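# below is the sequence, then the predicted model.
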Amino acid sequence: MLAAETRFRPNTAEVAAKVIDGEAILMNLSNGLYFSLADSGAALWELLECGYSLEEMVQVVSDRYGADRSVVLADTDRLMGELLEEGLVEVHENGQKEKDAPAPAEAPSAYAAPVLNKYSDMADLLALDPPMPNLGEISVTE
């Protein structure tokens, strides 16, 4: 079990991520695997990106979905372990909450445990020709 004050951050050196319409899409650029998180999982990803601690994430999700705190704690702890194992996030030792998470676009549905869906169908293609998320930062000089 992770400590309540543990904070995480996306592994931006190897992962590109975006939350679109309540679904988080995560792509590991080093191995070509991609992942999705919907509903409570996407909410947890947004909280993680904002620098929330494990305890803070659990509180927000419990309140937002009207779910039992102990259930949300167990589910969140499991999900963070999976994200760490897949190399999608890192523990942020001296991190702090950087901003408030965005409010949900629509009323959340009933709470369901977050599920990290893993896809490998494009792994070979993405590993050979990974997308370039920082393309806008590249400058060409003559």
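Everything's here; your move. Residues are numbered from 1 along each chain as shown.

# now residue 63: how far from residue 34?
According to CB to CB, to the nearest Å, residue 63 and residue 34 sit 30 Å apart. Backbone N, C-alpha and C define where each C-beta goes, glycine included.

# the two - which one has more neighbours?
Each of residue 63 and residue 34 has its neighbours counted (other CB atoms under 10 Å); residue 34 has more, 21 against 11.

# helix, strand, or coil at the residue nearest to the more buried one when sequence neighbours are not counted?
The spatially closest residue to residue 34, leaving aside those adjacent along the chain, is residue 27, at 4.4 Å (CB to CB, 6 or more residues apart in numbering). With DSSP: H, G, I helix; E, B strand; the rest coil as the basis, residue 27 sits in strand.

# how far off centre is stretch 13-24?
Averaged C-alpha coordinates place stretch 13-24 at 7 Å from its chain's average position (CA atoms, centre = their mean, to the nearest Å).

# ok, now stretch 13-28?
With CA atoms, centre = their mean, you get 7 Å for stretch 13-28.

# low-confidence stretches in the chain?
Residues of the chain that meet the criterion pLDDT under 70 lie in 105, 123-142.

# how about the strands in it?
8-10, 15-20, 23-28, 34-38, 89-91, 117-119 (DSSP state E).

# export those strands as CSV, with columns for distance to residue 103.
Shown next, in CSV, are the strands of the chain (distance: least, CB to CB, whole Å):
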stretch, distance to residue 103
strand 8-10, 21
strand 15-20, 13
strand 23-28, 16
strand 34-38, 18
strand 89-91, 23
strand 117-119, 25
